[in-house]
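Asker: Okay, here's the prediction I keep looking at, along with the sequence it came from:
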Protein chains: 2
Amino acid sequence: MKINITNFSSKDEGFYSKLDSILAWDSVSDLDVQASVLNIVDSVRREGDSALVEFTNRFDRRQVASPSELEISKEQLQAARARVDSGIVLSLEAAAKRVNDYHEKQVQESWQYQEADGTILGQKITPLDRVGVYVPGGKAAYPSSVLMNVMPAKVAGVKEIIMVVPTPDGFVNDIVLAAADIAGVDKVFTVGGAQAIAALAYGTETIPKVDKIVGPGNIYVATAKKMVFGVVGIDMIAGPSEILVVCDGKTDPDWIAMDLFSQAEHDEDAQSILISPDALFLEKVQQSMERLIETQSRKAIILTSLESRGAFIHVESMEQAIDVANHVAAEHLELSIDNPEEWVGKVRHAGAIFMGRHTPEALGDYCAGPNHVLPTSGTARFSSPLGVYDFQKRSSLIYCSPEGASELAKIASPLARGESLEAHALSAEYRILESK
Amino acid sequence: MKINITNFSSKDEGFYSKLDSILAWDSVSDLDVQASVLNIVDSVRREGDSALVEFTNRFDRRQVASPSELEISKEQLQAARARVDSGIVLSLEAAAKRVNDYHEKQVQESWQYQEADGTILGQKITPLDRVGVYVPGGKAAYPSSVLMNVMPAKVAGVKEIIMVVPTPDGFVNDIVLAAADIAGVDKVFTVGGAQAIAALAYGTETIPKVDKIVGPGNIYVATAKKMVFGVVGIDMIAGPSEILVVCDGKTDPDWIAMDLFSQAEHDEDAQSILISPDALFLEKVQQSMERLIETQSRKAIILTSLESRGAFIHVESMEQAIDVANHVAAEHLELSIDNPEEWVGKVRHAGAIFMGRHTPEALGDYCAGPNHVLPTSGTARFSSPLGVYDFQKRSSLIYCSPEGASELAKIASPLARGESLEAHALSAEYRILESK
């Protein structure tokens, strides 16, 4: 069947503004959502468990009588793991191992150095005490996201990891629970939405207050996270997922078509863009897509995504392809080309870079090792994949020797007085040593 | 004169809830502020320079006719530097050198490793392209903050740094401009408030769009930053500044009194807390304060701050003092004790740790080297001092060898199918090699 995908060229007039209009994405959290979330967050903050249970029963259509019913025990996690198909469990375990090994390279260590006069400066690194991981429930529950959000916290040395996952109509996803067990989650509660975020941020009688909340969610969850930011840390607010494939025209067109489908099948707002200097290749991928689409189980979603947000871009050269990639700052950048190592140095902005014809995004989504929680909607210009560094924080260390303090005080004093902060100046000056 | 400072003991019943009530701080950004900021941000986003000039003239009582008047040239920065007292310029230069040297230790490097089958995994580190630094104007303008916000970005390799500083009634602070010149700011614009944040986030004809905005500001600035978060990166929203001094009772009480004053003089909401196992010492510090307060140029602010938010806490032991410090997670923690290195390992949460009797916070504020932009209001539980890492971001690198891809695809495929993502599974399966 015909797929109507936007097709344009870097030679077109107003190319970059056309590109920007295709990329444009505004996460709209309207005033109704704001007001509703504010009410939920305030209620849970003030009333704790009773509000949490009430919202959970109302929004998830449940009949929870006591807050203790909200917790899923370790034994229940293990039972779920035992129920899951063994091939999936083995894959989850293999993926967890690879994700763990990669993230161990991200662990940061404390450091310090001593100056000639004995003054010591440094930075002390400590893990967060307690972290909350939000996992969406229902049909769009992704066990891989459990691994990707929990493993970096475990590697960082976070002592307690609390997972929340809504179970609308009581539906529990065994693979999600198996993943929680494999990743080493400490406690699991079947709550979701803004009420779960509020419970994690402020604590209730049942849900422990955490220091940071990570994990994806719908607009209510995202709005609640933004609201409690400052009370706790949060990860980035994710937009729809996107891929930018740069291909030199020499990869099997079916492979590229399927790589683009794999992004498009996420949801109707997902974005798949292909860039090539080879116009004929773009046509071939179009033909592959039109043939392969017929048998896709998520055909309707793929079509909507491709026709509303997808694009094929013809460029004049690989240099230009990389320029466009830097402009887009894609969440996923696939360099399906010869010698990707020669081009990767020119890439300034991307969440993750998939190099070569044998590295489809899908491998990174599940098991290559790097995190699949990546900056979306161009935020790769200023932010990073989720990592161990998101679960460690730093404290500056300053020890001044008496001699060092004396010299520093002579620098600090005029600056403090220049800012009209006299007590700062005096506090420094007290440490000036009498000349011998 | 008598100073009424809250005085309590860890032996008091309900000690931690009393402590929490003293620490409590809610940054209230009420709906009026929200609505007003939303209007300003939207106007600047839609109308660019014309709205920016209009708001600047209105709020800063200026008569700007053309947007080009908003820029302060390099020559004007240098002229300002030449007008500033040479002692202050020398101190700024010395401070900049030390801040630079410390922050160079924070630079992160790209890394990668190769697996046995040829698969390469890693992380590529790149600086942000362009950063905006907000500097408050008027009387409370702090040149030291210019150094502290700009230097880490310079060390990170940010190519262009845009500073905005409001000049209410046209008042320009020469020391601030001198600091901008020394720190190496690329462009300076005399705009402030929510309109400056909007201009940096979305760009106008005159103000370049940046990738991240850092720097402190009033409630309008903080609200605007929170609003544009996601379009650009932002630093933490700062609450009032605080210090927690732990003293064993053997530091000169006048020194400790002045260290507490130096925090209290910032503003009425600043918080100074002293903890000691020595009850007599607490009394001596009280006496020092009551004597020293008389001559303080910022006496009224210090008194309000100490009497409304200050506290003296008597504890039973140093162990307990550190427990309390971890509960508070103070922005500034001063360990005015013997052998601070023996205790610092037990500190889990603090923005900066000042070790020993010769290390008052004031030295760290200006010139010790570490950053003075630190997590406030207990956010040291999950966040870090401003640093080079805030101006670098990471991209995951994944290169799969054909053999590596084939093995990974066998792990990914059942997981993708477990999540009902068939195109993910197919995209991976295409890379499975035929068995030879």
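Answerer: Yes, it's here.

Asker: give me every residue that touches the spatially closest residue to A:E205 that is not a sequence neighbour.
Answerer: Spatial nearest neighbour of A:E205, chain neighbours left out: A:D49 (4.7 Å); criterion: CB to CB, 6 or more residues apart in numbering or on different chains. Bear in mind the C-beta positions are built from the backbone N, C-alpha and C, glycine included. By CB atoms under 8 Å, 6 or more residues apart in numbering or on different chains, the contact list for A:D49 reads A:P67, A:T204, A:E205, A:T206, A:I207.

Asker: Can you verify my assumption that the first one contacts A:V53?
Answerer: When you say that, I think you mean A:P67. Yes. Between A:P67 and A:V53 there is a contact under CB atoms under 8 Å: 5.7 Å.

Asker: mind checking how far A:S17 is from chain B?
Answerer: Per CB to the nearest CB, to the nearest Å, A:S17 is found 13 Å from chain B.

Asker: That residue - that's part of a strand, no?
Answerer: No. With DSSP: H, G, I helix; E, B strand; the rest coil as the criterion, A:S17 is helix rather than part of a strand.

Asker: Identify the residues contacting it.
Answerer: With contacts defined as CB under 8 Å, 6+ apart, A:S17 has no neighbours.

Asker: Name the surrounding residues that touch whichever helix in chain A runs longest.
Answerer: Secondary structure of chain A per DSSP state H: the longest helix is helix A:86-104. By CB under 8 Å, 6+ apart, the residues outside helix A:86-104 that reach it are A:81, A:143-144, A:147-148, A:151-152, A:154-155, A:175, A:178-179, A:182-183, A:366-371, A:387-388, B:121, B:411-415, B:418.

Asker: domain ranges for chain A?
Answerer: A:6-26+A:240-368, A:31-234, A:400-429 (automatic domain parsing).

Asker: so which of those is the most packed in?
Answerer: Ranked by mean neighbour count under mean count of other CB atoms under 10 Å in any protein chain shown, the domains of chain A are led by domain A:400-429, which reaches a mean of 23.

Asker: Is that one in proximity to chain B?
Answerer: Yes. For domain A:400-429, a contact with chain B is found by CB under 8 Å from any CB of the partner chain, at A:400-402, A:404-405, A:408-409, A:411-412, A:414-416, A:418-428.

Asker: where's that domain relative to the chain centroid, distance-wise?
Answerer: From the chain centre to the centre of domain A:400-429 is a distance of 43 Å (CA atoms, centre = their mean, to the nearest Å).

Asker: isn't A:Y389 right next to A:Q106, touching?
Answerer: Yes. Using CB under 8 Å as the test, A:Y389 is close enough to A:Q106 to be in contact (6.0 Å).

Asker: Isn't A:G404 up against A:L121?
Answerer: No. Assessed by CB under 8 Å, A:G404 is found out of contact with A:L121, at 9.7 Å.

Asker: and the gap between the spatially most central residue of chain A and A:G351?
Answerer: Central residue of chain A (CA atoms, centre = their mean): A:V373, 3.3 Å from the mean position. Per CB to CB, to the nearest Å, A:V373 is found 9 Å from A:G351.

Asker: from the chain's centre, how far out does stretch A:207-225 sit?
Answerer: In terms of CA atoms, centre = their mean, the gap separating the centre of stretch A:207-225 from the centre of its chain is 12 Å.

Asker: Same check on stretch A:279-297?
Answerer: Between the centre of stretch A:279-297 and the centre of its chain there are 30 Å (CA atoms, centre = their mean).

Asker: tell me the mean pLDDT over it?
Answerer: Mean pLDDT, computed over stretch A:279-297, is 97.

Asker: circling back: give the residues shared as contacts by A:V373 and A:G351.
Answerer: Residues touching both A:V373 and A:G351 (CB under 8 Å, 6+ apart) are A:P385.

Asker: Please convert the contacts of A:D49 to TSV, extending it with pLDDT.
Answerer: Output for the contacts of A:D49, formatted as TSV (pLDDT from 0 to 100):
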residue	pLDDT
A:P67	97
A:T204	98
A:E205	98
A:T206	97
A:I207	98
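
Asker: Can you name the next helix or strand after whatever helix or strand A:A325 lives in?
Answerer: Assigned by DSSP states H and E, A:A325 belongs to helix A:318-328. Using DSSP H and E, the helix or strand that follows helix A:318-328 in sequence is strand A:332-336.

Asker: interface residues of the stretch 151-300 of chain A facing chain B?
Answerer: A:175, A:211-212, A:226, A:229-230, A:232-233, A:236-237, A:252, A:254-255, A:258-259, A:261-262, A:264-266, A:296-298.

Asker: Give me the subset of the residues you listed that lies in strands.
Answerer: Under the assignment DSSP state E, those contribute A:K212, A:G233 to strands.

Asker: pLDDT wise, what is the residue in the stretch 101-250 of chain A that chain B sits nearest to at?
Answerer: With CB to the nearest CB, the shortest gap between the stretch 101-250 of chain A and chain B falls at A:G233, namely 3.7 Å. Looking at A:G233, its pLDDT reads 95.

Asker: Enumerate every residue touching it.
Answerer: By CB under 8 Å, 6+ apart, A:G233 lies in contact with A:L128, A:D211, A:K212, A:I213, B:T379, B:F382, B:S383.
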